[in-house]
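S.K.: coordinates for the following, if possible.
(2 chains, ligands or ions: 4)
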Amino acid sequence: MNDLLQIRGLCTEFRTEDGLVRAVDGVSWQVNPGRTLGIVGESGCGKSVSALSVMGLIPKPSGEIVGGQVWFKGQDLLKLTERQIREIRGNEIAMIFQEPMTSLNPVFTVGNQIVEAIKLHQKLRTRDAWDLAVESLQRVGVPSAAERVYAYPHQLSGGMRQRVMIAMALSCHPAVLIADEPTTALDVTIQAQILELLRRLQAGERMALVLITHDLAVIAQIAHTVAVMYASRIVEYTSVEALFDQPLHPYTQGLFRSLPRLGQKKRRLDAIGGTVPNPLAFPSGCKFHPRCPLGCDDKRCQSVEPNLRLIRPGHVLACFKAAGYEDSPPCDIPTQAPTEVSNG
Amino acid sequence: MAKADGHILRVQGLKTYFPIRRGVFSRIRGWVRAVDGVDLDIPRGQTVGLVGESGCGKTTLGRTLLRLIPATAGTAWFEDELIFSANRRRMRQLRRQMQIIFQDPVGSLNPRMTVQTIVGEPLKVHGLAHGRALRQRVVNLLEQVGLSPGYLNRYPHEFSGGQRQRIGIARALALEPKFIICDEPVSALDVSIQSQILNLLADLQDALGLSYLFIAHNLAVVEHFCGEVAVMYLGQIVERAGSEDLYRNPVHPYTKTLLSAVPIPDPRTKTACQAPVGDVSDTSGPFTGCPFHPRCSLAQDQCRQECPQLREIGPGHFVACWRTE
Ligand SMILES: Nc1ncnc2c1ncn2[C@@H]1O[C@H](COP(=O)(O)OP(=O)(O)O)[C@@H](O)[C@H]1O
Ligand SMILES: Nc1ncnc2c1ncn2[C@@H]1O[C@H](COP(=O)(O)OP(=O)(O)O)[C@@H](O)[C@H]1O
Ligand SMILES: [Mg+2]
Ligand SMILES: [Mg+2]
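M.R.: Residues are numbered from 1 along each chain as shown, chains lettered A, B, ... in the order given. Ligands and ions are numbered 1, 2, ... in the order given. You can find the predicted model right below:
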């Protein structure tokens, strides 16, 4: 296992009042130093839960990882104790969230919080930790960092708060950064700055980045490989170029068609009909079939759930309707040879 | 110039200031100039887009037009009627013709009311229907926005984001308005659902001859949806033009910045964002000159001293920038 971070067949469930929710259903992906994996999909498809599963942050007892492995530097994180996980979380694998306000403590200065994060993992004197905090704020482009360390979260704009979160996440030089919709709540101008920042930091430090978003344009700008999720599963996974040149899954194709683009002169957009399915009542067969222009009348699409197969070199897909799907070997991570797939 | 001059809405010199106080009873320390001298025309049956970063005053402008917030100065005509001086009875009439759809379909629907009550409430308040006729009207409205009449007795939490936005639209349509302010109606929705809602708004416009003020921060959405676009910065309109013209030939440095920041959905073309570092400046401090000058790479002395006015630089293309003189 040479990959830095690889998750295999991950399944995560929640017990809710209304029943059991399988939020992540057999998801596999991997990411390596200096590379960015983009995970794209609509709300509720399981993007955040898969990330939280990696971080060991699934709320217990309502949530539980019921299957799969999370391989990081050759060990399965799911087999570690809470103590061992804490050593890795925030230190070697860090995460930033969509709304920085909810993950920053309003009653402490941002400097205080970065220092806390640093001292959790590094044995440093407080003085040195403060210096490191200022330095990490400078690194993420916070102007007059030496003064801003004394600011409280509410005194900063949304864009500055997100920079503070990134500074905190990067203060320990993690090998992997998982960014869950880091720019969704921000203006386009600020989004462009944050994406540029992430790209620069990643290239400079050969960090592995997992970027979760619902925005294909953001994916195009930052990802090397892309996993498209729909209803708790990955339905297509390939390089960013392959996905944008020729998306193969009808859901991905629908996402592309409904994307408003600058310079497009058309009053009506192509829309995917129907709504994102409720995980308490997922459709049978391929979960996309009720909204699918190809599969809605197909008996097999209605009754059997397609698995991921290597449809072309470097391109995996779960769709019966794609030419050549039948004859393609099962494979859930596109950069791997199909024979390496474990059955699980 | 009198009245709306054939437009559904004409706004002139509109200002909305919010007082800044330290405590509840303390003296006013200053003003947030949320809307600071806006001129805007909305042609009948058309859509004018309003774009700008968060905090630039878009929502305040919309809410001021509906008199949900008092205007500080300026005039606004709805057809032949002055909005801000209308008496209560006239305002009640005007409210029927001007409606708003909010960004947040969750927060804007009362969680304890059924769909029937939510959509029917405006009709009841205005005494336009009751009993069986009311119910039938609500059913028609639901069908008009693509919702099954079977949903009448359900509560907002039982719906997805897109469906809730449809409920909000049905409620706005209940009084058969002529003009609707759409305040970021799709920002909170998934991509596949966004296009459904935009198509619905376009269809309703065609069928009912509605005029829209379409507020958004996604420029790609606005371009596709609006005939004309106004770009707002710190309470002022800095550029206004036909949408094709504005996107092809942006002139104001702020418009250029905004457009350059839109991520390009093509992995082989990296966005070359010219975004200046920093966020929207503080509106509360007394500033002179062009509102954009602290972030503008072209700023000169004149930009720091005098505020530029909108000037027509081509047919229907207005810009407020000294450096384009
Ligand atoms: N703590 C929780 N309890 C119950 N259900 C949850 C919890 N967190 C997430 N879920 C459910 O899991 C599914 C996936 O959620 P999530 O991963 O947050 O989606 P997204 O792709 O939008 O990030 C959703 O149906 C969501 O309702
Ligand atoms: N009720 C209010 N009291 C004081 N300030 C307000 C109020 N509403 C809005 N503001 C301020 O007015 C400015 C414009 O806000 P808003 O109209 O909501 O902007 P936008 O909709 O463009 O994001 C902001 O600086 C905001 O903080
Ligand atoms: Mg999420
Ligand atoms: Mg607003």
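
S.K.: which ones are touching residue A:320?
M.R.: Under the criterion of Cβ atoms under 8 Å, 6 or more residues apart in numbering or on different chains, the neighbours of residue A:320 are A:286, A:295, A:298, A:300, A:301, A:304, A:306, A:326. Bear in mind the C-beta positions are built from the backbone N, C-alpha and C, glycine included.

S.K.: er, residue B:112 actually
M.R.: Neighbouring residues of residue B:112 by Cβ under 8 Å, 6+ apart: residue B:155.

S.K.: go again using 10 Å as the cut-off
M.R.: Counting by Cβ atoms under 10 Å, 6 or more residues apart in numbering or on different chains, residue B:112 makes contact with B:155, B:156.

S.K.: and the stretch 101-250 of chain B, which residues reach chain A?
M.R.: When proximity is defined as Cβ under 10 Å from any Cβ of the partner chain, the stretch 101-250 of chain B approaches chain A at B:159-163, B:186-200, B:202-203, B:205-206, B:217-225, B:243-244, B:247-248.

S.K.: can you tell me which of those are buried?
M.R.: By neighbour count, with 16 or more other Cβ atoms under 10 Å in any protein chain shown, those hold B:159-163, B:186, B:188-200, B:202, B:205, B:217-225, B:243, B:247 as buried.

S.K.: so how many other residues sit close to residue B:77?
M.R.: Neighbour count of residue B:77, defined by other Cβ atoms under 10 Å in any protein chain shown: 21.

S.K.: among the residues of the stretch 101-250 of chain B next to chain A, which lie within helices?
M.R.: In this view, those that belong to helices under DSSP state H are B:161-163, B:191-200, B:202-203, B:205-206, B:219-225, B:243-244, B:247-248.

S.K.: what sits against the residue of chain B most remote from its centre?
M.R.: Residue distances from the centre of chain B (Cα atoms, centre = their mean) peak at residue B:132, which lies 35.0 Å from the mean C-alpha position. Residue B:132 makes contact with no residue under the criterion Cβ under 10 Å, 6+ apart.

S.K.: and residue A:155, by the same measure?
M.R.: Counting by Cβ under 10 Å, 6+ apart, the residues that residue A:155 touches are A:109, A:110, A:148, A:161.

S.K.: most surrounded residue in these?
M.R.: Result: residue A:110 is most packed of the contacts of residue A:155 (other Cβ under 10 Å), 28 neighbours.

S.K.: not counting its neighbours along the chain, what's nearest that residue?
M.R.: Closest residue to residue A:110 apart from its sequence neighbours, by Cβ to Cβ, 6 or more residues apart in numbering or on different chains: residue A:164 at 4.8 Å.

S.K.: can you tell me which residues in the stretch 1-150 of chain B are near ligand 2?
M.R.: B:18, B:32, B:34, B:52, B:54, B:55, B:56, B:57, B:58, B:59, B:60 (Cβ under 6 Å from any ligand atom).

S.K.: swap in 8 Å and give it another go.
M.R.: Applying Cβ under 8 Å from any ligand atom, one finds that the stretch 1-150 of chain B approaches ligand 2 through B:18-20, B:32, B:34-35, B:52-63, B:69.

S.K.: show me how to select, in PyMOL, the buried members of those.
M.R.: Filtering those down to the buried ones (16+ other Cβ under 10 Å) takes a single PyMOL command:
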select buried, chain B and resi 18+32+34+35+52+53+54+55+56+57+58+59+60+61+62+63+69
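
S.K.: can I get the contacts of residue A:320 in JSON lines including secondary structure and pLDDT?
M.R.: Shown next, in JSON lines, are the contacts of residue A:320 (DSSP: H, G, I helix; E, B strand; the rest coil; pLDDT from 0 to 100):
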{"residue": "A:286", "secondary structure": "coil", "pLDDT": "97"}
{"residue": "A:295", "secondary structure": "coil", "pLDDT": "81"}
{"residue": "A:298", "secondary structure": "coil", "pLDDT": "93"}
{"residue": "A:300", "secondary structure": "helix", "pLDDT": "95"}
{"residue": "A:301", "secondary structure": "helix", "pLDDT": "96"}
{"residue": "A:304", "secondary structure": "coil", "pLDDT": "96"}
{"residue": "A:306", "secondary structure": "coil", "pLDDT": "97"}
{"residue": "A:326", "secondary structure": "coil", "pLDDT": "94"}
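
S.K.: got the residue ranges for the strands in the stretch 151-300 of chain A?
M.R.: A:176-180, A:208-213, A:225-230, A:233-239 (DSSP state E, counting those that start in this stretch).

S.K.: which stretch among the ones you listed comes nearest residue B:92?
M.R.: Nearest to residue B:92 among the strands of the stretch 151-300 of chain A is strand A:208-213 (45.0 Å), distances taken as Cβ to Cβ.

S.K.: got the angle for that closest one vs strand A:225-230?
M.R.: 40 degrees (axes from the mean of the first three to the mean of the last three Cα atoms, to 10 degrees).

S.K.: what lines up beside strand A:208-213 in the sheet?
M.R.: strand A:36-40 (parallel), strand A:176-180 (parallel) (DSSP bridges).

S.K.: can you tell me how far the residue in the stretch 51-200 of chain A that chain B sits nearest to is from residue A:246?
M.R.: Nearest residue of the stretch 51-200 of chain A to chain B, counting by Cβ to the nearest Cβ: residue A:192, 3.8 Å away. Residue A:192 sits 27 Å away from residue A:246, going by Cβ to Cβ, to the nearest Å.

S.K.: which one of the two has more residues nearby?
M.R.: Taking neighbours as other Cβ under 10 Å, residue A:192 and residue A:246 compare with residue A:192 leading, 25 against 12.

S.K.: please tell me I have it right and the more buried one contacts residue B:53.
M.R.: No - Residue A:192 lies out of contact with residue B:53 (Cβ atoms under 10 Å); the separation is 11.8 Å.

S.K.: which residues do the two both contact?
M.R.: Joint contacts of residue A:192 and residue B:53 (Cβ under 10 Å, 6+ apart) are A:186, B:257, B:258, B:261.

S.K.: format these as CSV; extra columns: secondary structure, pLDDT and neighbour count.
M.R.: As requested, the shared contacts of residue A:192 and residue B:53 are arranged in CSV below (DSSP: H, G, I helix; E, B strand; the rest coil; pLDDT from 0 to 100; neighbours: other Cβ atoms under 10 Å in any protein chain shown):
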residue, secondary structure, pLDDT, neighbour count
A:186, coil, 81, 25
B:257, helix, 90, 23
B:258, helix, 91, 26
B:261, helix, 90, 22
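
S.K.: farthest pair within the residues you listed?
M.R.: A:186 and B:257 (14.7 Å).

S.K.: can you give me the helices in the stretch 51-200 of chain A?
M.R.: With helices called from DSSP state H, counting those that start in this stretch, the stretch 51-200 of chain A shows them at A:82-88, A:100-103, A:110-121, A:126-139, A:145-148, A:158-170, A:188-205.

S.K.: which residues of chain A lie near ligand 1?
M.R.: Checking chain A against ligand 1 by Cβ under 8 Å from any ligand atom, the hits are A:14-16, A:21, A:23-24, A:41-52, A:58-59, A:62-63, A:180-181, A:212, A:214, A:229, A:232, A:278-279.

S.K.: so which of these belong to strands?
M.R.: A:14, A:15, A:16, A:21, A:23, A:24, A:63, A:180, A:212, A:229 (DSSP state E).

S.K.: can you pick the most crowded of the residues you listed?
M.R.: Highest count within those by other Cβ under 10 Å belongs to residue A:24, 31 neighbours.

S.K.: helix, strand or coil for the residue sitting nearest the centre point of chain B?
M.R.: Geometric centre of chain B, nearest residue: residue B:215, 3.3 Å, by Cα atoms, centre = their mean. Under DSSP: H, G, I helix; E, B strand; the rest coil, the three-state class of residue B:215 is strand.

S.K.: and it, what are its bridge partners?
M.R.: With DSSP bridges as the rule, residue B:215 is bridged to residue B:50, residue B:183.

S.K.: so who does residue A:260 touch?
M.R.: A:217, A:266, A:269, B:186, B:191, B:194-195, B:198, B:218-225, B:265.
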